[in-house]
Every structure is written in structure tokens, then in C-alpha cells.
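Asks: fold the following.
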Amino acid sequence: MDVRSMVEQYRDELLEKLGKLVAINSEEGTPLPDAPFGEGPRKALTTALAMMEADGFKTVNLDNYAGYAEMGQGNQLIGIVGHLDIVPAKKEDGWDSDPFVMTEKDGVLYGRGVSDDKGAVVASMIAMKVIRDMGIDVNKRIRLIMGTNEETGSKCLAHYVEKEGSVDYGFTPDGEFPGVHGEKGMVAAVYRSRKTGIRSIEGGTAKNVVCPQCRIEVDRCSFSKKKLEDYFNNHNLSYSIEDGESTVAVTLNGVAAHASTPELGTNAISYLMCGLKEAGYQDPFVDFYCSHFGTSYDGSGVGAACSDEYGPLTLNNGMICMKDGRVEGTIDIRFPVTLMSRQVVKMMSEHLEDEGGEIEILSTVEPLYFDPESPLVTSLLSAYQEVTGDTKTMPMVIGGGTYAKGIDNTIAFGCAFPDKDYRIHNTNEFVGIDELLKQAEIYVAAIIKLLNL
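Replies: Model prediction:
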């Protein structure tokens with residue numbers, strides 16, 4: 001029996017397991033003594049480990065930060081590193097179905113995590129079962145490592161590495177096929193108002209998501225309503241304007257996207273700020289925002305616009321709120337793999353403040369880069385090519401950050417197929433059932449390639 005047929009035999013099991021995991025809201029929550037990232041992530045981890053234990057694999061739970069299921073023997077270790085946590089999802093955000101009830105329509109699954117990254121984790125579970133069914137010589141240990149806060153900092157993986165060390169060969173099924181040999185570096189920052197007349201403001205779902213909706217309250221008669229409406233209409237934006245006794249509330253709807261690809265979204269914060277300025281609203285902070293960010297996402301307003309052969313720097317404003325009378329918001333920068341963080345921070349150094357606001361750098365992460373001709377990259381590429389027949393698409397550099405930055409000898413490999421937007425971090429996240437089965441088939445081929453290194 002060929003691998004494709006062996007994977008296909010697990011179709012129903014794959015759907016059952018994924019449905020159970022999708023039903024768990026594993027967004028990071030309030031830490032508990034035995035749940036460092038809240039009840040949801042802990043439940044997702046213990047559920048996934050129980051699945052693998054029931055299937056006869058050795059399992060280990062590392063303090064509810066992360067866990068793993070293992071097969072094989074030998075000194076060398078192959079790691080498959082996936083995550084069970086999710087970004088927030090609410091049906092009222094615009095989902096066509098409950099994001100925590102996996103829904104199938106015409107062979108396509110919808111629900112939070114079906115693609116990023118629960119679907120890939122379950123496909124990896126199936127791949128390990130097929131490897132075992134094949135009865136081949138497993139001369140290395142194969143370990144499916146599952147973390148629980150990849151979306152909010154990857155402390156889970158740091159805990160795993162502290163306890164267990166790194167791997168000899170690894171991939172994280174949380175990027176794109178046919179492999180990611182480079183990941184941009186990151187700069188995390190916040191901006192704050194110094195002077196503002198804004199009464200209240202709130203927007204965004206996560207730091208690493210393009211803001212899909214923003215609501216602001218300002219004094220009545222402080223701007224031209226007609227000019228604001230014209231600005232929104234000219235940009236084909238959905239909005240509402242509500243007059244109160246002394247204030248007016250404006251709500252603007254944008255389009256969510258991952259922070260690493262802001263060009264795929266429409267940032268509600270940015271268009272709201274620029275719209276208000278266009279409508280004559282005079283405010284030092286709004287001026288600060290428009291001059292430092294505007295509606296662009298290339299970092300030019302903070303002096304950081306740059307690029308290399310693998311792509312440009314991008315900047316995303318994810319969340320905004322009022323804190324102690326000041327406006328505060330998040331900045332997520334992804335910078336080219338050939339630069340170091342200190343170079344980017346230096347470029348920004350003279351663009352961090354004016355009378356209306358200020359920017360504070362919080363943290364940086366250096367880029368990740370593997371030679372495209374390295375054994376790890378070429379082995380995984382070969383596995384992808386053998387299963388799909390696609391020899392044109394080559395390994396890439398991405399703006400997204402994956403677990404590969406936190407554990408040695410690992411690159412992102414899948415789960416997304418080329419030129420496909422699965423609406424991860426967005427409403428109606430989806431994946432095709434046949435694509436999940438194809439993922440599992442590719443992972444089987446990948447494991448075999450790595451066993452032979």
C-alpha cells in the first residue's frame with residue numbers, strides 16, 4: 001500500500017481529532033499555578049497528549065508549557081514543532097460560523113486553528129502513525145513537540161529547550177511549503193500620546209494582527225463630518241458615526257491580516273487617524289500618528305524603510321487603547337534577514353518622538369537564516385517535490401516568526417501551500433481536508449528523508 005492510501009485511511013480520525021482540538025478555545029488566558037498560559041492552552045495540550053498516548057506513543061507533559069509524543073530510538077532527534085494556541089476569535093467579528101465548532105462545507109473545514117496550527121499538528125500525528133505502520137527502521141527518535149503560547153511569545157518553547165535541549169533535525173509545520181530558509185527579524189515597540197484631546201479609543205485583536213476595527217470618541221464639532229465620510233467612502237471603508245450630547249463616536253472597519261503581511265489587510269487605526277486629520281481634526285497625537293505611521297506599512301515614517309533581496313521591512317500597528325488618560329498602541333516590525341536589530345533601532349533613533357507622542361522600543365529578535373543548499377533545507381524540499389510534483393516553487397524567506405527561531409536546526413515547513421491565503425488570524429480561517437491529508441503525506445516523506453541523513 002502506498003503512503004497516500006495509508007494516510008487516506010486516517011481521514012475520519014484526522015477530522016475527529018481536529019474537531020476536538022478546535023472546540024477548545026486555547027487563546028492565552030489568566031495564568032494559574034498549573035496552567036502558565038491559562039485553562040484553554042492547558043486543556044488543548046492535555047487533550048492532544050491524551051490522543052497520542054491512546055495511540056501508543058510515549059508522551060511527556062512539561063509543566064503544561066509544552067509537551068511531546070515520541071517514537072523510535074537512537075541518539076539523534078527529529079523534531080516536529082507545532083503549536084496548539086490560537087489568536088482570539090469571536091463570531092461577532094464576522095465569522096460565518098462558530099469559530100470553535102469545526103464546520104465542513106464542500107470539503108473545506110472552517111474554524112479557528114484548522115490551519116494555524118492545530119490542523120498541522122493533527123496532520124503530524126497522522127504522519128507519525130503512518131511511519132509506524134510502514135514498519136521502517138526508525139534509527140532516530142521522532143518527537144512531535146506541541147507548545148501553547150507561540151502566538152504570544154513562545155515562552156512555551158523556551159521552557160521546552162531549557163528542559164530538553166534542541167533537536168538534530170527539525171521542522172515546524174507553521175509556515176509555508178516548500179520550506180522557509182529565512183525569517184525576518186523583529187522589533188516590538190509601543191507608541192504613546194503626549195498631548196491629545198481624544199476622549200476614548202479602542203481597537204485591535206492582537207499585536208501581530210492588522211487592526212480590523214477601531215472606535216474613537218472625540219468632542220462634537222471638532223471635525224467635518226462630511227469630509228470624514230468622503231474620506232472613508234473614497235477608500236471603500238465601512239464605518240458608523242454616532243452623535244452623543246457632547247461627543248461623537250466613530251467606528252471604522254478594516255480588514256485583518258497577519259502582521260508579517262500587512263499589505264493583505266486594511267488597518268482600521270491608520271485609516272481612522274488619517275481620516276480624522278483629513279477632516280480637520282486638530283490634535284497633537286493624531287498629527288504624531290499620521291506623520292510617523294500614516295496608512296503606509298514600510299516604516300518610512302520612523303526612518304526605518306529598507307529592504308534586501310529577500311524583501312522589505314514591514315510595520316504593523318495592531319492594538320490601540322486609552323491607558324491612564326494616554327493613548328497607547330503596539331508596533332510590530334519585521335526587518336530584512338541581512339540586517340541586525342541594532343541597525344534598525346539606530347535608523348529609528350531620531351524619529352521616536354515629537355510633541356504629540358513617543359515610541360518606546362520594547363524588544364528585538366534577530367533574523368533566522370539557513371543556506372538554501374543545507375542538508376535540512378534540501379531534504380525537506382525533496383520530500384515536498386516528490387509528493388506534489390511541484391519543482392518550480394523554491395524555499396523562501398518570510399516576515400512571520402515561527403518556532404524555528406527558538407530551537408536549533410529547525411526551519412518552518414508547511415503547513416500553507418504556495419499562493420494560498422487560509423485567512424489565518426482572520427475570520428473564517430479554513431483549510432481543505434485533502435490539503436490536510438496531503439500535508440500528512442509530505443510529513444511522512446520528510447521524516448523518511450531526515451531519518452536517512
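Asks: what helix or strand is residue 377 on?
Replies: According to DSSP states H and E, residue 377 maps onto helix 375-388.
Asks: an error on my part: the question was meant for residue 53.
Replies: helix 39-54.
Asks: ditto for residue 400
Replies: If you go by DSSP H and E, residue 400 is not part of any helix or strand.
Asks: helices of the stretch 351-453 of the chain, start to end?
Replies: 375-388, 433-451 (DSSP state H, counting those that start in this stretch).
Asks: hang on, the earlier thing: chain center to the helix holding residue 377: distance?
Replies: Distance, stretch centre to chain centre, for helix 375-388: 24 Å (C-alpha atoms, centre = their mean, to the nearest Å).
Asks: next: stretch 118-133.
Replies: Relative to its parent chain, stretch 118-133 has a centroid offset of 22 Å by C-alpha atoms, centre = their mean.
Asks: with just CA atoms, put that stretch into PDB.
Replies: The C-alpha atoms that make up stretch 118-133 are tabulated as PDB, following Å, rounded to 0.1, in the frame of the first residue of the first chain:
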ATOM      1  CA  LYS A 118      -4.000  22.700  15.100                       C
ATOM      2  CA  GLY A 119      -4.600  21.200  11.600                       C
ATOM      3  CA  ALA A 120      -0.900  20.900  11.000                       C
ATOM      4  CA  VAL A 121      -0.400  19.300  14.500                       C
ATOM      5  CA  VAL A 122      -3.100  16.700  13.700                       C
ATOM      6  CA  ALA A 123      -1.600  16.000  10.200                       C
ATOM      7  CA  SER A 124       1.700  15.400  12.000                       C
ATOM      8  CA  MET A 125       0.100  13.000  14.400                       C
ATOM      9  CA  ILE A 126      -1.200  11.000  11.400                       C
ATOM     10  CA  ALA A 127       2.200  11.100   9.800                       C
ATOM     11  CA  MET A 128       3.800   9.500  12.800                       C
ATOM     12  CA  LYS A 129       1.200   6.800  12.800                       C
ATOM     13  CA  VAL A 130       1.800   6.100   9.100                       C
ATOM     14  CA  ILE A 131       5.600   5.900   9.800                       C
ATOM     15  CA  ARG A 132       4.900   3.300  12.400                       C
ATOM     16  CA  ASP A 133       2.500   1.400  10.200                       C
END
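Asks: circling back: need the helices of the stretch 351-453 of the chain in CSV (columns: distance to residue 252, mean neighbour count and mean pLDDT).
Replies: To be clear about C-beta, it is placed using only N, CA and C from the backbone, and glycine gets the same treatment. Shown next, in CSV, are the helices of the stretch 351-453 of the chain (distance: least, C-beta to C-beta, whole Å; neighbours: other C-beta atoms under 10 Å; pLDDT from 0 to 100):
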stretch, distance to residue 252, mean neighbour count, mean pLDDT
helix 375-388, 41, 20, 98
helix 433-451, 34, 23, 98
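Asks: so which of those helices gets nearest residue 274?
Replies: Smallest distance to residue 274 across these (C-beta to C-beta): 38.3 Å, for helix 433-451.
Asks: quick one: list the elements packing against the helix holding residue 377.
Replies: Contacts defined by 3 or more C-beta pairs under 8 Å, 6 or more residues apart in numbering; DSSP states H and E place helix 375-388 against strand 169-172, strand 410-412, helix 433-451.
Asks: just put these in CSV and tack on distance to residue 115.
Replies: CSV is the format used below for the helices and strands packed on helix 375-388 (distance: least, C-beta to C-beta, whole Å):
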stretch, distance to residue 115
strand 169-172, 14
strand 410-412, 14
helix 433-451, 9
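Asks: of all those, which one is nearest residue 10?
Replies: The minimum distance between residue 10 and the helices and strands packed on helix 375-388 falls on helix 433-451, with 7.4 Å, by C-beta to C-beta.
Asks: other SSEs contacting the closest one?
Replies: Packing contacts for helix 433-451, counted by 3+ C-beta pairs under 8 Å, 6+ apart, involve helix 3-8, helix 11-22, strand 77-83, strand 108-110, helix 118-134, helix 375-388.
Asks: with only the CA atoms kept, save the third one in CSV.
Replies: Looking back up the chat, that one is strand 77-83. These are the backbone C-alpha positions of strand 77-83, laid out as CSV (Å, rounded to 0.1, in the frame of the first residue of the first chain):
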residue,chain,number,x,y,z
LEU,A,77,16.4,13.5,17.5
ILE,A,78,14.0,14.7,14.7
GLY,A,79,11.6,17.3,16.0
ILE,A,80,8.2,18.3,14.6
VAL,A,81,7.4,21.5,16.4
GLY,A,82,3.7,22.7,16.3
HIS,A,83,1.5,24.9,18.5
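Asks: distance check, the nearest residue to residue 30 once chain neighbours are set aside against residue 29.
Replies: Leaving aside its chain neighbours, residue 30 sits nearest to residue 38 (5.4 Å; criterion: C-beta to C-beta, 6 or more residues apart in numbering). From residue 38 across to residue 29, the span is 2 Å (C-beta to C-beta, to the nearest Å).
Asks: redo the helices of the stretch 351-453 of the chain as TSV? Include distance to residue 424.
Replies: Formatted as TSV, these follow (distance: least, C-beta to C-beta, whole Å):
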stretch	distance to residue 424
helix 375-388	20
helix 433-451	13
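Asks: count the neighbours of the closest residue to residue 333 other than its chain neighbours for me.
Replies: Excluding the flanking residues, the one nearest residue 333 by C-beta to C-beta, 6+ apart is residue 187, at 4.0 Å. Number of residues near residue 187 (other C-beta atoms under 10 Å) recorded here: 23.
Asks: partners of the strand or helix carrying residue 187 in the sheet?
Replies: Using DSSP H and E, residue 187 falls within strand 185-193. Under the criterion DSSP bridges, strand 185-193 sits next to strand 326-335 (antiparallel), strand 357-365 (antiparallel) in its sheet.
Asks: return the set of buried residues in it.
Replies: Buried residues in strand 185-193, defined by neighbour count with 16 or more other C-beta atoms under 10 Å: 185, 186, 187, 188, 189, 190, 191, 192, 193.
Asks: can you give me the helices in the stretch 151-300 of the chain?
Replies: Ranges of helices within the stretch 151-300 of the chain are 155-164, 225-234, 268-278, 284-292, based on DSSP H, counting those that start in this stretch.
Asks: and among those, the most buried is which?
Replies: Greatest average neighbour count among these goes to helix 268-278 (a mean of 25), per mean count of other C-beta atoms under 10 Å.
Asks: wait, a strand at residue 139?
Replies: No. Residue 139: not assigned to a strand; according to DSSP: H, G, I helix; E, B strand; the rest coil it is coil.
Asks: neighbours around it, how many?
Replies: Residue 139 is flanked by 12 other residues according to other C-beta under 10 Å.
Asks: how much space separates residue 373 from residue 357?
Replies: Remark: distance between residue 373 and residue 357 (C-beta to C-beta) = 46 Å.
Asks: related to what we said a few turns ago, burial count for the residue nearest to residue 30?
Replies: Neighbours of residue 38 using other C-beta under 10 Å come to 20.
Asks: hmm, it is touching residue 25, no?
Replies: No. Applying C-beta atoms under 8 Å as the test, residue 38 and residue 25 come out as separate, 9.6 Å apart.
Asks: distance between the ends of stretch 90-102?
Replies: 14 Å (C-alpha to C-alpha, to the nearest Å).
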